[in-house]
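Visitor: Have a look; sequence and predicted model below, questions after that.
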Amino acid sequence: MIKNTRIIQRGDILVENLIEHEFLSKEDEELLKFIESAAPKICVVGTGGAGCNTLNRIFEIGIEGATTIAMNTDAHHLVKTRADRKLLLGKNTTKGLGAGSNPAVGEEAAKESKEEIRKLLSSSQMVFVTCGLGGGTGTGSAHIIAEEAKNLGALTVGVVTLPFLSEGKVRRQNALEGLSKLKRQVDTVIVIPNDKLLSIVPDLPLNTAFKVADEVLSSSVKGITELVTKVGLVNLDFADLRTILKDAGCAVIGFGESNANVKPDERAVTAVENALNSPLLDTDIKEANKALVNVTGGPDMTLREAELVVEEISKRIHPNSHIIWGARVEPELGKSAMKVLVVIAGATLPDYQKVEVKPEEPEIDLDSIL
């Protein structure tokens, strides 16, 4: 039994049920048209090299119900990015040659392209802005893009990474300044420190490590988006999403799963434990006051198992917290597998300013990689 925690769930699977029927009444057809027209417009903006790489990964794994928009100052990188729409930022500012790891140039380029940004985001109800902080384009443009989205009335969520310590003090300071600016323009910003990825995959080559960062960013955006765009056992609507993410400040995200080797009666607890113990949850969550949970399982997942996940999360955060959750069956997961994504807001993030760069490690030129 979950105590002292406000939990909202919705089980509306109207569209799926209607489509399965052989006969649709006139009212059903009108209702389906209304549902389609009323679906929230969600845009995922990837800006800069890392942001565009994230869009490439989203293209590979697929995302339902969202439009992807790539923005960059580097024309060569942009043309290779797979996205629904593209915008070369600051044609006059950078001549398509990139921002040279200078956030001031990235910011100026975004300001030059404000009108085009506004047109691309027009009528959006929700906008994700994703990038790797520390470089020039993403760091400089993210808060400008977010500001335009917010001014259009969209729920605006930043999903960003902080650079590896080995990337040097300059890049880290650029990232922290960019994060400070972005926080002022978004409803929620999800921060993923790249160094935490080393706890998950410590021995990977550098290029592969950055692909893991792309995977985390893309999975975060996909997981949140499809809570409201895909039909499931327990569905959420856009109003639910807004309730948790509107003006939520900083948030952290955790992923966990249980595989087929876990006993069926233990898989829910295993998945949520792995999510809550994820190195990406880089903070003490006891005082967190909001949580968004996405539970995915194979065909044999039960509603009770999904509820167990939520109960366990409710024990770890503030007793008066507000939890909204959804659950969905994905047949390709197979039996006994469960996945949990949890976004926790309202907790105090670590003071990243206090983290020092290891002096013995050489700085890495990311522009030569991305």
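Guide: Everything's here; your move.
Visitor: check contacts around Thr54.
Guide: Gly46, Thr130, Asp214, Leu217, Ser218, Val221 (C-beta atoms under 8 Å, 6 or more residues apart in numbering). Every residue, glycine included, has its C-beta placed from N, CA and C.
Visitor: Please identify the buried residues of the helix or strand hosting the fourth one?
Guide: Just to be clear, that refers to Leu217. Here Leu217 is covered by helix 206-229, with elements defined by DSSP states H and E. Buried positions in helix 206-229, judged by neighbour count with 16 or more other C-beta atoms under 10 Å: 209-210, 213-229.
Visitor: Now for the residue nearest to Asp74 when sequence neighbours are not counted: which residues touch it?
Guide: Among residues not flanking Asp74 along the chain, Gly98 sits closest, at 4.1 Å (C-beta to C-beta, 6 or more residues apart in numbering). By C-beta under 8 Å, 6+ apart, the contact list for Gly98 reads Asn72, Thr73, Asp74, His77, Gly136, Thr137, Asp367.
Visitor: What subset of those is buried?
Guide: Asn72, Thr73, Asp74, His77, Gly136, Thr137.
Visitor: Need the max-distance pair from those residues.
Guide: The largest distance within the buried ones among the contacts of Gly98, taken as C-beta to C-beta, falls between His77 and Gly136 and amounts to 12.2 Å.
Visitor: residues touching the closest residue to Gly48 other than its chain neighbours, list them.
Guide: Nearest residue to Gly48, sequence neighbours excluded (C-beta to C-beta, 6+ apart): Gly138, at 2.7 Å. In this structure, Gly138 makes contact with Thr47, Gly48, Gly49, Ala50, Gly51, Gly106, Cys131, Gly132, Val160, Gly178, judged by C-beta under 8 Å, 6+ apart.
Visitor: what about the first one, distance to Val310?
Guide: Think Thr47. In this structure, Thr47 and Val310 are 34 Å apart, going by C-beta to C-beta, to the nearest Å.
Visitor: More neighbours: those two, which one.
Guide: Shown here are Thr47 and Val310; by other C-beta atoms under 10 Å, Thr47 has more neighbours (32 against 24).
Visitor: list the buried ones in the top strand by length along the chain?
Guide: The longest strand of the chain (DSSP state E) is strand 249-258. Buried residues in strand 249-258, defined by neighbour count with 16+ other C-beta under 10 Å: Cys250, Ala251, Val252, Ile253, Gly254, Phe255, Gly256, Glu257, Ser258.
Visitor: Dump those residues to a markdown table, plus pLDDT.
Guide: Formatted as a markdown table, the buried residues of strand 249-258 follow (pLDDT from 0 to 100):
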| residue | pLDDT |
| --- | --- |
| Cys250 | 88 |
| Ala251 | 88 |
| Val252 | 86 |
| Ile253 | 88 |
| Gly254 | 88 |
| Phe255 | 89 |
| Gly256 | 91 |
| Glu257 | 90 |
| Ser258 | 89 |
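Visitor: Where does pLDDT dip in this structure?
Guide: 1-23, 35-38, 206, 282, 352-370 (pLDDT under 70).
Visitor: before we move on, the earlier item: report all helices and strands that the longest strand of the chain contacts.
Guide: strand 188-193, helix 206-229, helix 267-276, strand 338-345 (3 or more C-beta pairs under 8 Å, 6 or more residues apart in numbering; DSSP states H and E).
Visitor: And for Asn92, nearest residue in space, chain neighbours not counted?
Guide: Glu112 (6.1 Å).
Visitor: Now do the same contact list for that neighbour.
Guide: Taking C-beta under 8 Å, 6+ apart, one finds Leu89, Gly90, Lys91, Asn92, Thr93 in contact with Glu112.
Visitor: redo that, cut-off 10 Å
Guide: Residues in contact with Glu112, defined by C-beta atoms under 10 Å, 6 or more residues apart in numbering, are Thr73, Leu89, Gly90, Lys91, Asn92, Thr93, Thr94, Ile144.
Visitor: now Lys114
Guide: Each residue near Lys114 by C-beta under 10 Å, 6+ apart is listed here: Leu89, Ile144, Ile145, Glu147, Glu148.
Visitor: next one: Val252
Guide: 190-193, 196, 278, 280-283, 285, 288, 342-345, 347, 349-350 are the contacts of Val252 under C-beta under 10 Å, 6+ apart.
Visitor: Kindly recompute the last result at 7 Å.
Guide: Ile190, Val191, Leu280, Leu281, Asp282, Thr283, Ile344, Ala347 (C-beta atoms under 7 Å, 6 or more residues apart in numbering).
Visitor: Now do the helices in the stretch 1-150 of the chain.
Guide: 14-20, 26-38, 48-61, 75-79, 91-94, 103-112, 114-121, 137-151 (DSSP state H, counting those that start in this stretch).
Visitor: what sits up against the following helix or strand past the longest one?
Guide: Okay, so that is helix 137-151. Next in sequence after helix 137-151, counting helices and strands by DSSP H and E, comes strand 155-162. Defining contact as C-beta under 7 Å, 6+ apart, one finds that strand 155-162 is touched by 50, 125-133, 142, 146, 149-150, 175, 179, 182, 186-194, 213, 217, 220-221, 242, 245-246, 352.
Visitor: Strand 155-162: how far from the chain's middle?
Guide: What separates the centre of strand 155-162 from the centre of its chain is 7 Å, taken as C-alpha atoms, centre = their mean, to the nearest Å.
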